[in-house]
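> sequence? don't have it. structure:
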């Protein structure tokens, strides 16, 4: 098992950094090209949400990206230092009233790209944990 943790600033540059780090890791351990793209996009979306919605681009706050490799999967956690939120209050992006909204599809997309997703929301921030199994073909 191999675990690494990175502390990122609350800037959109961190989105690119996180995507690049995770993509290199997944390519190195043998995920398919499609799986690497799915994982990278999920991480990109999660870090963007942490920066924009969680930390509100507050330079005093950080985003933590943790990766853990084991024999069967990669586990990726992204944590912000925001106010937290209630995921059940996020509007359904497939509802016809929401189809033309500029935002609101992030969590839906992350869940579609990864094999498992969990959200832990509290007053001290939100942590999204995502798992992609090696054995599943995409």
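Received the coordinates, thanks. Because the structure is a prediction, the values reported are computed rather than measured.
> What are the boundaries of the strands in this protein?
With DSSP state E, the ranges of strands along the chain come out as 2-9, 62-69, 73-79, 116-122, 125-133.
> gap between the most centrally placed residue in the chain and residue 23?
In the chain, the C-alpha closest to the average C-alpha coordinate belongs to residue 46, at a distance of 3.0 Å (CA atoms, centre = their mean). Here the distance between residue 46 and residue 23 works out to 14 Å (CB to CB, to the nearest Å). For the C-beta atoms, the positions are set from N, CA and C on the backbone; glycine is no exception.
> what's the answer for residue 119, then?
According to CB to CB, residue 119 stands 23 Å off from residue 23.
> cool, and residue 127?
Residue 127 sits 21 Å away from residue 23, going by CB to CB.
> Now the residue nearest to the centre of the chain. Nearest residue, chain neighbours left out?
Nearest-residue entry for residue 46: residue 78, 4.4 Å, with adjacent residues in sequence omitted and distances by CB to CB, 6 or more residues apart in numbering.
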